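> 3D model of this:
(2 chains)
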Number of protein chains: 2
Amino acid sequence: MPELFTVHTPPVAWARFVAHFQPPVRTERIATADALDRVLAEQPVSPQDLPEFARATVDGYAVVAVDTFGATPGLPAFLDLIGEVPMGKAATFALEPGAAALVHTGGMIPSGADAVVMIEDTQRVAAGYIEIFRPVAEGQNIVQVGEDIRRGQAILAPGHRLRPQDIGGLLALGITALTVAVPPVVGIISTGDEVVPPDSLVQPGQVRDINSYSLAGLAVRAGARAIRYGIVPDDRAALETAAARAVAACDIVVFSAGSSVSYRDMTADVIDGLGKPGVLVHGVSVKPGKPTILAVCDGKAVFGLPGNPVSAMVIFDLFITPAIGLLLGTQKPPQTTVTARLARNLASDSGREDYVQVRLEEREGELWAVPVLGKSNLIYTLVNAAGTIQIPLDANGLRAGAWVTVVRH
Amino acid sequence: MPELFTVHTPPVAWARFVAHFQPPVRTERIATADALDRVLAEQPVSPQDLPEFARATVDGYAVVAVDTFGATPGLPAFLDLIGEVPMGKAATFALEPGAAALVHTGGMIPSGADAVVMIEDTQRVAAGYIEIFRPVAEGQNIVQVGEDIRRGQAILAPGHRLRPQDIGGLLALGITALTVAVPPVVGIISTGDEVVPPDSLVQPGQVRDINSYSLAGLAVRAGARAIRYGIVPDDRAALETAAARAVAACDIVVFSAGSSVSYRDMTADVIDGLGKPGVLVHGVSVKPGKPTILAVCDGKAVFGLPGNPVSAMVIFDLFITPAIGLLLGTQKPPQTTVTARLARNLASDSGREDYVQVRLEEREGELWAVPVLGKSNLIYTLVNAAGTIQIPLDANGLRAGAWVTVVRH
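Sure, this is the predicted structure:
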C-alpha cells in the first residue's frame, strides 16, 4: 500500500488513478429511437444525401428562375401551368423553360426547375396559365440535394451523448440502430455498525442509511447503473465478503465508509487486498473529503468515500463521475452553472480545494450565493443548498461580493 | 376560432393559453428511493429531530468541557476513563465531572458530557485514566440533537425536483414514501403524405419521420411520458380519428404538422373541433416557428407545431416544456447555459423573438458562439448546434463580439 496517508492534490490523485484505470468501453447495439442520453460508441456516417431530391420550402410554383426576372405586379411573367407534384410522390415530368408546376412545401422539385415562386406572388389567370408578380433567384425556396447532410459525411462523434435532435437526424437517414456504451455498473457498499436501513425504527445510537441512496442517485445521473450492496457491519470478514461480491459484479465499487479512523484503516486494508495495484491514493487535499481512497484492483475502480454526506457527494463529483465517464468513453456532461455574488467572506487554506455548499438568493435583481454553513456531516447542508462553489487549490479564500460560479446540484 | 392568423408575441400567446389551461397536478405515492428527478407534490415535514441523540464528529473522549480548560501537553488534565460507547449502541451510563468515555465518530455522546476531545490530543496513562493535552469548548466536536433538522420543520417544497441528496435527506428521517406528480402524457401525431417511418425504404418524394422522435425526446427530458401516434396522411378524417384517440389518452397532444398552408389550415380546423375553447393562438412572432397553434380543448392542451425540425424544437421549448411544467406543478428546470461571444452580426426584426442555433468554438482561450446557418427545415442545423441563443423581441439584432447566453441542448 504505497504512501499511505500522504495527501495528494486532486489533479495528482486523478493522475495516479488514471495511470492504472484505462478501461475499454463496453458496447451494445440498440434501436436509435431508444438511444436518448446514451453515449455513442461508433462513428456514424451518412449512407445517403439528405434530402435525396430537391425539395420546395414553400407552397408555390416550380419554375426556371430566369423566366421570372423582371416580373412585377404591373408586368407579370406568364408561364404555362403543366401540372402538380403531389406530396410524397416523385415528379413524373420535367420542366421546360416557360413552364411552371404546382409544388407544396417539402415536395419534390421537378427536374429542369431551379426555383420556387411563393403562391402569394402568383395568380391563376386561366386554365393552364399563371401570372408571376415577383422574380426569384436560382435556388430560391429550394433545399438542394445533400444540403442537410451529404452521403459519406461523418455524423457526431464517438463519446457524444445523444440528444433529441441527434435521434431525429440519425433516423432521417434510416440509421435505426446504433452502437452505444453499456452503462457501467457502480456497486455501493454502506458500512458502519450504527447504520440501519431507512425503513427501520432506529434505536438510540443508530442512524439510517443516507449515502447509499444519494450516491446511487449521483451514479444514475452520471450515466451508470447503481447496485446497493446493503449495510455491512464494521467487521473485516464481512467487509471482505461484500467487497469480493461487489468487485466481481461491478465496474466501480464505492465504500461509503464507516467514519472512525480505525475503521477507515480497515477499509483501506480490505481494498488493498482486492487486487493489483490496490490503493493508489489515501487522502486528498479537498475540504470536505480528505479521507478518500482511490484504488484500482485488477482493472476495477474502487473508492473509499468519507461517511459524511457532504464529503461523499463532493468526492463523487470529483472522481467517480469522471471514472464513469472513462467507462462510457465520454467527457463529463456540461454542468448547469449560474454566476452569483458571494454573500460573505470565505477563508480557505492554500494547497487545498474547498467546496462550499450555497443557497441562491435574489436581492434587488442580483443573484447572491449564500454559504450554507452546516457541518459536512449534516445531510440538510446539501438539501438546503442549490449548488456548490469551489475555492481553488492556490487561493486563500474568497471575498464577500466576489463573482462566483455555482455548479447546480 | 378567434383571431385566426393574428400573430401574437410569445408572452401574449402564453397568457392566452394559460388563461384556459390550469390543470390539477395528478399525484401518486412512490418509494422515496425511486423518486430521483420526480417532482414533489406534497410538503414533507420532519417527523423527528435529526440526529435524535448528540453525536461525536471525531474519534476521541466525551468529557465535560470545563474539565479540560487550561490543559496543555506540559500540564495535562487527568480524567477517569469510565467506559466506551460502542458504535450503534446507546450510552448506558451518564458522565460525571472528572470523567471521560471513549466515543467514535458518529457515536452517541453519553448524558452529562458536552464536548469531545480528539484522540490525538490525549494519552492513556494507566488503566482507568487519560491525560488531555488541549482544552475543548462546550459543544466542540459534537452534532447536537436536531442540528441537522428539527422535528416539525418543513422539508423542500411542493414542485421541487428531487435530487440525490434530497432522497438521502428524506430517508434519513424514515420518510420512505412520497407523493409526487404523475408524469404527464404527451401524444405526438406526425402528419404528411410524404412522411414514412424511419425504417422504410424511401421512394422519391418521400422523407423519413424525424419530428415525432425528436419531440418525444424533448418530452421525456421535460419530465413527461411520450406516446407516438404514428404518421397520419394529409386527410381530414384520418386526422380527426387520430386526434380524438390522442386527446382521450393524453394530457398534451402535439401535431407535428404537415407543412403546406392548406394542410395547416386543416390542422387548425381539426384542433378547433376537438373541444372548447379550441384554438387560442394561430401564429407567434418567433423565428423560426411562426405557424404555431396553441389550443385548449376540453381541458387538454393541444399544439400544432411547424413541420420544420428547428422550428418544432424551438416552439417545444417555448410552450410545451412549460405546459408539462404546469401538469407537474413545477417550474422549468434550470437550463444549462454558457456565455460566449457572438462570431458574426445577426439581424433580426424588432417585434419578433429570434432563436439562432450556434456551435461553440474555443479561440485563443475565449469561447465563441458561431451561428449554424442551415435553414430551419434542416435537421442537421440542430445536430451540428451545441445550443441556442435568443434575440429578444425588442432588439434589431446582435453585433459580432457581443456576449451572448447559449442555452445548451
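
> tell me who's in contact with the residue lying closest to A:Arg161 once chain neighbours are set aside.
Take A:Arg161 and drop its neighbours on the chain: the residue closest to it by Cβ to Cβ, 6 or more residues apart in numbering or on different chains is A:Val39, 5.6 Å away. Just so you know, the C-beta spots here come from the backbone N, C-alpha and C atoms, and that holds for glycine as well. By Cβ atoms under 8 Å, 6 or more residues apart in numbering or on different chains, the contact list for A:Val39 reads A:159-162, A:180-181, A:223, A:328-330.

> so which elements touch the longest helix seen in chain A?
Assignment by DSSP state H gives helix A:236-249 as the longest helix of chain A. With contacts defined as 3 or more Cβ pairs under 8 Å, 6 or more residues apart in numbering or on different chains; DSSP states H and E, helix A:236-249 has these neighbours: strand A:185-191, strand A:225-232, strand A:252-256, helix A:261-272, strand A:300-305.

> just say which of these is most tucked in.
Across the helices and strands packed on helix A:236-249, averaging neighbours per residue (mean count of other Cβ atoms under 10 Å in any protein chain shown) puts strand A:252-256 on top, at a mean of 29.

> and that one, how far out from the chain's middle?
On the basis of Cα atoms, centre = their mean, to the nearest Å, strand A:252-256 sits 22 Å off its chain's mean C-alpha point.

> what's the answer for stretch A:146-162, then?
Its chain's C-alpha centre and that of stretch A:146-162 lie 18 Å apart, by Cα atoms, centre = their mean.

> in it, which of the residues would be classed as buried?
Neighbour-count burial for stretch A:146-162 flags A:146-149, A:155-156, A:158, A:160-162 (criterion: 16 or more other Cβ atoms under 10 Å in any protein chain shown).

> which elements pack onto the worst-scoring helix or strand of chain A on mean pLDDT?
Least confident element among the helices and strands of chain A, by mean pLDDT, DSSP states H and E: helix A:261-272 (a mean of 84). Contacts defined by 3+ Cβ pairs under 8 Å, 6+ apart place helix A:261-272 against helix A:236-249, strand A:277-282, strand A:293-297, strand A:300-305.

> and the helices in the stretch 301-409 of chain A, which stretches?
Ranges of helices in the stretch 301-409 of chain A, per DSSP state H, counting those that start in this stretch, are A:309-315, A:321-328, A:379-383.

> how about the longest one: buried residues?
Spelled out, that is helix A:321-328. Here helix A:321-328 shows A:321, A:323-328 as buried, counting by 16+ other Cβ under 10 Å.

> per-domain residue ranges of chain A.
A:10-26+A:183-328, A:27-49+A:155-181, A:55-143, A:337-408 (automatic domain parsing).

> among those domains, which is nearest B:Ala65?
Proximity to B:Ala65 (Cβ to Cβ) singles out domain A:337-408 among the domains of chain A, at 18.1 Å.

> so how far is the closest one from its chain's centroid?
24 Å.

> so which of the contacts of A:Val39 comes closest to B:Val116?
Here the nearest of those to B:Val116, counting by Cβ to Cβ, is A:Gly223; it sits at 40.8 Å.

> show me what contacts the closest residue to that closest one other than its chain neighbours?
The shortest distance from A:Gly223 to any non-neighbouring residue, by Cβ to Cβ, 6+ apart, is to A:Leu328 (5.5 Å). Neighbour list for A:Leu328: A:25, A:39, A:159, A:181, A:183-184, A:223 [criterion: Cβ under 8 Å, 6+ apart].

> cool, and A:Asp199?
B:174, B:176 are the contacts of A:Asp199 under Cβ under 8 Å, 6+ apart.

> go with 6 Å
A:Asp199 is in contact with B:Thr176, counting by Cβ atoms under 6 Å, 6 or more residues apart in numbering or on different chains.

> now swap in A:Leu373 and tell me
Applying Cβ under 6 Å, 6+ apart, no residues contact A:Leu373.

> quick one: pLDDT of it?
The model reports A:Leu373 with a pLDDT of 81.

> ok, and the closest non-adjacent residue to the residue of the stretch 201-350 of chain A found nearest chain B?
Closest residue of the stretch 201-350 of chain A to chain B, Cβ to the nearest Cβ: A:Gly217 (2.9 Å). Nearest-residue entry for A:Gly217: B:Pro164, 2.9 Å, with adjacent residues in sequence omitted and distances by Cβ to Cβ, 6+ apart.

> the stretch 101-250 of chain A against chain B: which residues are in contact?
A:104-106, A:108, A:148-149, A:163-169, A:171-172, A:176, A:193-194, A:198-199, A:204-206, A:208, A:210, A:213-214, A:217-218 (Cβ under 6 Å from any Cβ of the partner chain).

> list the contacts for the residue of chain A positioned farthest from its centre?
Most distant residue from the mean C-alpha position of chain A: A:Ala126, 58.7 Å away (Cα atoms, centre = their mean). With Cβ under 6 Å, 6+ apart as the criterion, no residue contacts A:Ala126.

> is it in a bridge, and if so with what?
Here A:Ala126 sits in beta bridges with A:Tyr129, going by DSSP bridges.

> distance check, it against A:Asp59.
For A:Ala126, the distance to A:Asp59 equals 21 Å [Cβ to Cβ, to the nearest Å].

> over to A:Pro184?
A:Pro184 sits 51 Å away from A:Asp59, going by Cβ to Cβ.

> and the longest helix of chain A, what's buried?
Residues A:239-240, A:242-243, A:246-247 are the ones in helix A:236-249 that count as buried (16+ other Cβ under 10 Å).

> what does stretch A:163-179 give?
For stretch A:163-179, the neighbour count (16+ other Cβ under 10 Å) marks A:163-175, A:178-179 as buried.

> go on, stretch A:299-319?
Quick answer for stretch A:299-319 (16+ other Cβ under 10 Å): A:300-319.

> how long is it end to end?
Counting by Cα to Cα, to the nearest Å, you get 16 Å between the two ends of stretch A:299-319.

> listing request: residues of chain A with sub-threshold pLDDT.
For chain A, the stretches flagged by pLDDT under 70 are A:1-5, A:258-262.

> could you redo the last one with a cut-off of 80?
Applying pLDDT under 80 to chain A flags residues A:1-5, A:257-264, A:332-334, A:374.

> one step back: which residues touch the longest helix of chain A?
Under Cβ under 6 Å, 6+ apart, the answer for helix A:236-249 is A:187, A:189, A:229, A:232, A:253, A:266, A:270, A:274, A:300.

> quick one, the least confident helix or strand of chain A and helix A:236-249 angle?
On the basis of axes from the mean of the first three to the mean of the last three Cα atoms, to 10 degrees, helix A:261-272 is oriented at 40 degrees to helix A:236-249.

> chain center to helix A:261-272, what's the gap?
On the basis of Cα atoms, centre = their mean, helix A:261-272 sits 34 Å off its chain's mean C-alpha point.

> C-alpha coordinates for it, CSV please?
C-alpha atoms of helix A:261-272 as CSV (Å, rounded to 0.1, in the frame of the first residue of the first chain):
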residue,chain,number,x,y,z
VAL,A,261,-10.1,6.2,12.0
SER,A,262,-9.7,2.5,12.9
TYR,A,263,-12.5,1.6,10.5
ARG,A,264,-11.0,3.6,7.7
ASP,A,265,-7.7,1.9,8.1
MET,A,266,-9.6,-1.5,7.9
THR,A,267,-11.4,-0.3,4.7
ALA,A,268,-8.1,0.7,3.1
ASP,A,269,-6.6,-2.7,4.0
VAL,A,270,-9.6,-4.6,2.6
ILE,A,271,-9.5,-2.6,-0.6
ASP,A,272,-5.8,-3.1,-1.0
